[in-house]
Structure formats: C-alpha cells, structure tokens
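*Asks:* Here is my input, please return the structure:
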Amino acid sequence: MEGLVGQGKMHLVQNVNQRRFLTACSTKRATEEAVRFVQLLNSNDPRVYNMLMSTCVRVKDVNGAFQAWDMMRKQGLTPGKIFYSNLINACAQANQANRAFEVFQNMLNDGVEPDQITFCTLINSCARELRKRKNRRQQLVLVERAFHVLDDMNAMRVRPDAYVYNALLSCCSRTGLKTRALSIYQQMLDEGIPSNAATYLALMDAHIAAKDCNGALEIFENVQPRILSFKTGKEQLYNSAIHACQHLGDYDRALGLYRKMKENCITPDPVLFATLMKAAAETGNIGKTADILSEMKIADVEPNISNYGTLIGIHAKNSDHEKAQQTYDEMIAHNIKPTIVVMNSLAHAYAKNGMFRETFEVVEEMKSEGLSPNSITCSVLLSSCYHGREIERAFEVYNEARQQGMQVNESCTHILILISNRVLKSLRESPILHGSPGGTPSHHLQAIQSQRQAWAARAVSLYHEAVNSGVHPSLDSLSLLFGCLRLPRHNMDGFSTSGTEGAGLFESRALSVYEDASGRGMVPAISVDAEQTFNLEKLPPVVGQVLTLCLIKRLYKEKGISIGGFRCRSIVFEFPPVAEVKRTKKPKDMEEGNHEPQVNYVGASVVNILRRMSVPFEGSQHEGYVRMNGAALDRWLKSSSGREVGGQQELSYNGLNNIYKSIHKQNEKIRTSSYHL
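*Replies:* Alright, predicted model coming up:
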C-alpha cells in the first residue's frame, strides 16, 4: 500500500476495508502496521482514529494509543467521549494512573463531558496501579484519588453504577481497607444498586488483605445461597473463601468448600487447586498435596504452571529437593515451560540444603530456557553460598549482580550481613584471643584485628549500599549488623571500653548506623526534649541495646552543649515481661539477630546496659517496663562527669565533645560511600 501511494494510486488504498484491516492488526497484535495504515489514509474521519484506538486498547499498546491521539490532533479533530475513554483505558492497562488523569484533564479542557464508563475507567487505572505499588503511602494516595473521582461524578451529576462501585471496592481490596469497603457496599444498598459476584469478591479480598479471614468467610456464608444465580465469578468466590481458610490454617474447611463446589456443579480451575495445595501445606499436610494433584486429573482439570509451581515451592520450603526436582521433571514432561518463579523455587530447594553446585546448575538451566535471573535468584544463590560456607563466592555473586545493574533486595543484604556476622563471631571466638597473652604472638593478634576491621567495614558498607538503593534493611538485618559491630572481649581496635559511646560493647559506628536508620524511619527516633515512651516489643535485643546507648549519648551531648541548663525528661521503655516467656530451649546468641525468641528478651538486654552504666531506673525486665526519672538522670549526668561510674572512668564533657566530632566524621564517611566492599 505504501508503494501504491508512492505511485500516486491513493484511490486503490482507500478502497481497502479499513475495519477489516484494523481488526486483522488487532488479531495479529500488529499495532505498528495499524498506525502506518492510518498514516497512509491521512483521513479526516474521526471514526478511523476511533478504530485505531480500539485496536491499541485490545493489544494493550499505550504508546500506539498516544500516537493515534497525536495523529488525530494534527488533523485538527477533537477526540470524542469514546476516544478519550479508550485512551484512559490504555493508560489503565499500562498501570499509568498519572497519565490517565492527565488525559482526563485534557478531556475536560476540550469540553467533552465524561460518562459512567469514563469515570469507571479512571478509577480502574488507580486499582490497576495498586498492583505494582508496595509503598503503603503511595497505595493510600492512589485510593484517595479514586475516591476523589467519585466526588467529581457526584459534582457533575453523573450517577455511579455497579461497575463504578466495584472499581472502588477493588481499590479497597488491594489495600486492606475493609471498613471503607463496607461503607461503599452500604452506599450501594442505600442507592438500590444491585451487587454481583465482583462486589462480594472485592469485599472478601479486602477482609483477607486486612487479615480478617473470619470476616471474609462470614461474607461468603451470607452470599452462598445466591452464588448459583451469578452468571460469572462463582469460581472466584469459592477460590477466595478457600484462600481465607488457607490463612486460618483450616484445611478441613477448605476441603469442605471444594466438595460443596462440586455438589453445585461448579467447575474448579487450576488456581483453586493451587490454593488447596497451599492450604494443605500450611497445616502440615504435605502428603495431601499429591492427592490434590490426583484429584485434578479426576476432575478433568489439566494442571498448569501455577499447580506445579506451587508444589515445587512447597517442597522447597520443606527443604525437600528430591521431590521438588521430581515435580519439575514431571512438569517438563507435560511440555509446560518453566517460569522464573518456578526456577527460583527449584534453586531454593537445593540452596536450603547447602547444595552449592546444584543451585548454580539450576540457574544455568534457567538461562538456557531464556529466563533472566532477578533479585530473587541472587538471594537464592547467596543463600546457597551461606549454607555451603562459600563466603568469598557469595560476595562475587553480589558484585556481579550489581555490575549487571540488578536491583538487590533486602534478602540479599540480610544474607551478606549474616555471612559477615558469622565470620566476625568466629574471629571473636578464636583461641588466639582467649589464650594467655604471653603465649600469643603479636602478629597473630594484628592479623585478627585487621580481619575484624575489614569484615565490620563490609557489613557497614552493605547497609549503606542498601539504603542508597532505596532498600530498608529489616530489624533482623540491623540486629545482625550491630552484632558485627560488637567489640570482642579483648578490645583489639583501641575503642575505649569506658564511657557512654559504646559501653565497652559496640563500636561507635553502631550508634552512627542507628542514628541514620532512625532518620529513615526504620527504628524508633530519639528525642530528649520531652518525656518519651519507647515500645520495644518488636525490637531484637541487640537493637534495643544500641537504642539505649544512643539515648544516653544524646543526654550527654545535650547536657554538654546546653548553655541555659539542660533538664532531663523522664524516659520509659516498655517491653514484654520476661516472666511471660516460656523457654523450652536455650535462646540463641543475641548476635545472630533471630526474631524469636530473642524479641522477648529485649527488656533484659536494656536493663543490663543501664546497670552496666549505673543509670538510675525503676522497674525491671520482669515487670515489663523501665522508667528513668528526669531528676534522677540529671543527678546521674552531673555525678558521672569526670569520675567513676559503674566501676569505669567516664569521659568528661570535653572528651565527649571530641568523640562527637569523631562520630560526625564517621557519619559523613557512611553517607558519602567511603566504605566499599
């Protein structure tokens, strides 16, 4: 056709059936050819551009949709309601809510009045983008934008229908706003708008996301008599109910729902069977998963990638690499192409067993299948290195991933800090340090000192790289990091074991890292300007210790630089009483950063720090709180200046000020990437 136009035979091109050609382009997903065809036509008929827009929407090509918009404007044509609604829909399909709202504003500027479909599509753009948003604040902003659309509808006197309300419910379901979802449902009832399967599905999903699975099942029980009257969505309702049972760990109830579904002659889909498998695994019925796969064959439902992927993930979680491999081989035998998720699960099964070589072989097979490793793959490889004690190889994997531009996740940071913690712990427990001083050559001590400093710097550098990449390390990762910065019993690095700076337990860098983490909202912020209560229930003991040291350091600093006379305010620590903890085995070392049962001993760790430094306080770890009276803290600070406190010589204010300058320099080094792997 382009050749005909070049020969001046445009009339032949105009004889082509435009609708049939664009429909063919849609079927073949050939939007580029569709755009070229409309460019050849150079038509002034808005219907041509509407057909092109419909083609782009079917193919989900947002760039082609905007090309159609530009071509229409160049012809001096004003898009109509249908065109704009389709363009907003193209933005929604591409998870581009901001772009959808920009198009909507252009629609209003052109004097085109939106209708129910336009508003519904706009709300759907928010609901779709919620799928990729992990940040809670960003999610809530999108929900508010969706509800503002409803306000705009009412202002323009456009009556919402069931599709609009279901789109709003979808926003609530993806953010766990069950109260708001129920209010929308009540509004539907008040306005006499009939609900359908999508309505109840969104309500159930909102309750599940809010961790109210019993509430979701209650909604299902109420709607169950009406399920058979729904034209679509029956399978999804049962699937959601079984999903709620999975979270509750009630496999028997999930199985009962499946049987009820069969009685009602509702054909289950592979997703439902995958949910049943997860429910069985959650309750420890691993053997039932194979029975469910057999049940699929009886129900004449062909297993797909979701079923095999779920089974492989279950076996990987239980460290059963043999069954994971068998399931994978069966999947390949059924000519089902593996996905990146399935390959990561298979590799994880080997990694958890410390099978270093096999894990890397799975990743190589993944590449041969045309799949690109992602951040999850990187964390699985690092896990295999950790369990296989391949320390240097772990950092090689990490550096290669960074060089390839891979976005490293929190799991990668956690594993590498865990490796650093393991090495530092072995150095602290070295017989060289605990032998007689006269019998240990100085060069051996210096070698261990050098290694300890290098690994501690590595750990701090990992934290720095993570936060600069937008990754916030977890509390467990911070606990491990502070464990890396714990001083050995024989202080080799010249850090003072006296004073408040580390209380002889931690390097001063630990306090600097805590202050940086508190500024990023990862740990409680410290303020001494007013009375403050710290809830330490979720903090690992090591993090609680460093928080206490940072707080005391801040008190010293304010007392030292205050001109008008600084007066301490009362400070309260709240934590689980130790008496409530029923310990069945000896707790693991605090430096390992495990959340259970360590978290229950945070009170004891804080009390030990306060006693070590002779800080006056009321309460105990058995009572579940510690209170430091402001007046008593004033007297303690005054008495501790330049004299013995807790059996150790405390630093004077001048000495402390010099240390503050040193800490400030270390903070600058951390923020300016002075520490490298």
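*Asks:* Quick one: distance of the particular helix or strand that has S26 in it to the chain centre.
*Replies:* In this structure, S26 sits in helix 18-27 according to DSSP states H and E. Distance of helix 18-27 from its chain centroid, counting by C-alpha atoms, centre = their mean, to the nearest Å, is 42 Å.
*Asks:* same question for it, mean pLDDT?
*Replies:* Averaged across helix 18-27, the pLDDT comes to 89.
*Asks:* Buried residues, it. List them.
*Replies:* Within helix 18-27, the residues that count as buried by 16 or more other C-beta atoms under 10 Å are Q18, F21, L22, T23, C25, S26. The C-beta positions use only the backbone N, C-alpha and C, and glycine is treated the same way.
*Asks:* Once you drop chain neighbours, what's closest to the second one?
*Replies:* Counting by C-beta to C-beta, 6 or more residues apart in numbering, F37 is the residue found nearest to F21 once chain neighbours are left out, at 6.0 Å.
*Asks:* Can you give me the distance of the closest residue to S173 other than its chain neighbours to L169?
*Replies:* Of all residues not flanking S173 in the chain, D205 sits nearest, at 3.8 Å (C-beta to C-beta, 6+ apart). Between D205 and L169 the distance is 9 Å, computed by C-beta to C-beta, to the nearest Å.
*Asks:* More neighbours: which of those two?
*Replies:* Shown here are D205 and L169; by other C-beta atoms under 10 Å, L169 has more neighbours (27 against 23).
*Asks:* Contacts for the one helix or strand the residue nearest to S173 maps to next, please.
*Replies:* Element membership of D205, judged by DSSP H and E, is helix 197-209. Contacts to helix 197-209, defined as C-beta atoms under 8 Å, 6 or more residues apart in numbering, come from residues 162, 165-166, 169-170, 172-178, 181-182, 185, 188, 213, 215-216, 219-220, 223, 227, 230, 232-234, 236-237, 240-241, 243-244, 247.
*Asks:* Could I get the full set of helices for the stretch 201-350 of the chain?
*Replies:* 213-223, 234-248, 251-263, 270-282, 286-298, 305-317, 321-333, 340-351 (DSSP state H, counting those that start in this stretch).
*Asks:* Comparing those helices by mean pLDDT, which bottoms out?
*Replies:* It's helix 286-298: among these, that one has the lowest mean pLDDT, namely a mean of 80.
*Asks:* What is that one packed up against?
*Replies:* helix 270-282, helix 305-317 (3 or more C-beta pairs under 8 Å, 6 or more residues apart in numbering; DSSP states H and E).
*Asks:* any chance of the ones you listed in a markdown table, with distance to R157 and mean neighbour count too?
*Replies:* A markdown table is the format used below for the helices and strands packed on helix 286-298 (distance: least, C-beta to C-beta, whole Å; neighbours: other C-beta atoms under 10 Å):
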| stretch | distance to R157 | mean neighbour count |
| --- | --- | --- |
| helix 270-282 | 41 | 23 |
| helix 305-317 | 45 | 23 |
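*Asks:* what about C56, how many residues close to it?
*Replies:* Residues near C56, counting by other C-beta under 10 Å: 28.
*Asks:* right, and it touches T31 too?
*Replies:* Yes: using C-beta atoms under 8 Å, C56 makes contact with T31 at a distance of 5.5 Å.
*Asks:* okay, and the common contacts of the two?
*Replies:* What both C56 and T31 touch, as defined by C-beta under 8 Å, 6+ apart, is the set G64.
*Asks:* Would you map the helices across the stretch 351-500 of the chain?
*Replies:* Under DSSP H, counting those that start in this stretch, the stretch 351-500 of the chain gives helices at 356-368, 375-387, 391-403, 410-428, 431-434, 442-468, 475-484.
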